[in-house]
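Q: What follows is a protein structure lacking sequence information:
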Ligand SMILES: NC(=O)C1=CN([C@@H]2O[C@H](COP(=O)(O)OP(=O)(O)OC[C@H]3O[C@@H](n4cnc5c(N)ncnc54)[C@H](OP(=O)(O)O)[C@@H]3O)[C@@H](O)[C@H]2O)C=CC1
Ligand SMILES: O=CCc1c[nH]c2ccccc12
């Protein structure tokens, strides 16, 4: 019998630092990460989505120190993928870099490194479960886990994942529909990343054209239409932007109530132009 995974309220949208702010050059301190995170929090974001793999936890930590916001007002997520042989040590390193005593949410970033290193997923999950109740992690989850991966950890788990963070936008809906249904059936919160991918990768495609026409209908931006579509599917967005005006707008995504016909039209347009998963 799995114990229901309780945990703190998770504020959305989450502000992510793993794409536009990803640290390719690990030798260079990225002040743009510090400034972007400070702008995001100063404009209303309270959930920051980090990861060991993004290479910028120190910059995020400096932003949090400069902001001097009460810790309980923020929700900080990080993820482990490189140091999966010793997840406790990875957590220690992430907390030190972030300048925090605890994470609100700690995720296994991907099943891939476990498979590459022939380490059972259940071993990684067990390591996260051991952190619960020790004061350093308030909730635990996964990312890029598919049904078979979730079923694999379920066998030995005492606590189910609180969240599964996955790629989610209309052009991968076909790939993700059954995973969505599975997670909902297990009360696993679904966080969606790359919600805006169609606008960036397929700006002249059927999804983007429809979204842009709906932006006029609802008098909001095309980005917000896609965040609202995710919301309508029960998926909570992890997004990012360098633009303060978009930061402010993204925070209002739940106020956009799309008509069901428009939701269905976006879904259909996505299914007609399905893209491969980014497959992190
Ligand atoms: N768990 C995982 O494996 C993964 C997690 N993530 C997390 O999710 C976060 C967000 O991922 P990401 O894929 O960037 O998210 P989105 O799809 O939300 O894209 C955000 C980007 O879209 C741009 N943008 C916003 N509006 C528009 C528009 N109308 N037209 C064109 N471009 C637009 C923004 O640029 P601008 O600055 O111009 O506004 C920004 O760089 C990451 O930072 C990371 O934290 C991401 C990938 C994988
Ligand atoms: O999370 C965003 C993309 C990314 C960057 N590094 C890794 C490692 C493992 C999974 C995803 C990612």
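A: Happy to help now that I have it. Just so we're clear, the structure is a prediction, and the values are computed from it rather than from any experiment. Ligands and ions are numbered 1, 2, ... in the order given.
Q: where do the strands sit along the chain?
A: Ranges of strands in the chain, per DSSP state E, are 14-16, 47-49, 75-80, 105-108, 140-143, 163-167, 189-193, 235-239.
Q: Dump those into JSON lines; add mean pLDDT and mean neighbour count as well.
A: C-beta: built from backbone N, CA, C; applies to glycine. Putting the strands of the chain into JSON lines (pLDDT from 0 to 100; neighbours: other CB atoms under 10 Å) gives the following:
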{"stretch": "strand 14-16", "mean pLDDT": "98", "mean neighbour count": "26"}
{"stretch": "strand 47-49", "mean pLDDT": "98", "mean neighbour count": "24"}
{"stretch": "strand 75-80", "mean pLDDT": "98", "mean neighbour count": "25"}
{"stretch": "strand 105-108", "mean pLDDT": "98", "mean neighbour count": "27"}
{"stretch": "strand 140-143", "mean pLDDT": "98", "mean neighbour count": "25"}
{"stretch": "strand 163-167", "mean pLDDT": "98", "mean neighbour count": "25"}
{"stretch": "strand 189-193", "mean pLDDT": "98", "mean neighbour count": "24"}
{"stretch": "strand 235-239", "mean pLDDT": "98", "mean neighbour count": "25"}
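Q: Ligand 1: which of these is closest?
A: Smallest distance to ligand 1 across the strands of the chain (CB to the nearest ligand atom): 2.3 Å, for strand 14-16.
Q: Could you list the residues of the stretch 1-150 of the chain in contact with ligand 2?
A: Residues of the stretch 1-150 of the chain found near ligand 2 (CB under 6 Å from any ligand atom) are 18, 51, 53, 81, 109-110.
Q: now do 8 Å
A: 16, 18-19, 22, 51, 53-54, 79, 81-82, 109-110, 112-113, 143-144 (CB under 8 Å from any ligand atom).
Q: and the residues you listed near ligand 1, which?
A: Of the residues in those, proximity to ligand 1 by CB under 8 Å from any ligand atom holds for 16, 18-19, 22, 51, 54, 79, 109-110, 143-144.
Q: Switch the residues you listed over to TSV; also include distance to residue 168.
A: As requested, those are arranged in TSV below (distance: CB to CB, whole Å):
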residue	distance to residue 168
16	13
18	15
19	14
22	19
51	17
54	19
79	17
109	16
110	15
143	12
144	11
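Q: Only the buried members of these: can you turn that into a PyMOL selection?
A: This is the PyMOL syntax for the buried subset of those, where burial follows 16 or more other CB atoms under 10 Å:
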select buried, resi 16+18+51+54+79+109+110+143+144
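Q: Now residue 20: phi and psi?
A: With angles defined as degrees, to the nearest 10, residue 20 shows backbone torsions of phi -60, psi -30.
Q: Please tell me how far the spatially most distant residue from the centre of the chain sits from residue 14.
A: Within the chain, the residue lying farthest from the chain centre (CA atoms, centre = their mean) is residue 217, at 28.5 Å. Per CB to CB, to the nearest Å, residue 217 is found 27 Å from residue 14.
Q: And residue 111, by the same measure?
A: Taking CB to CB as the measure, residue 111 falls 21 Å from residue 14.
Q: which stretch among the strands of the chain comes nearest residue 29?
A: When the strands of the chain are compared for distance to residue 29 using CB to CB, the nearest one is strand 47-49, at 18.0 Å.
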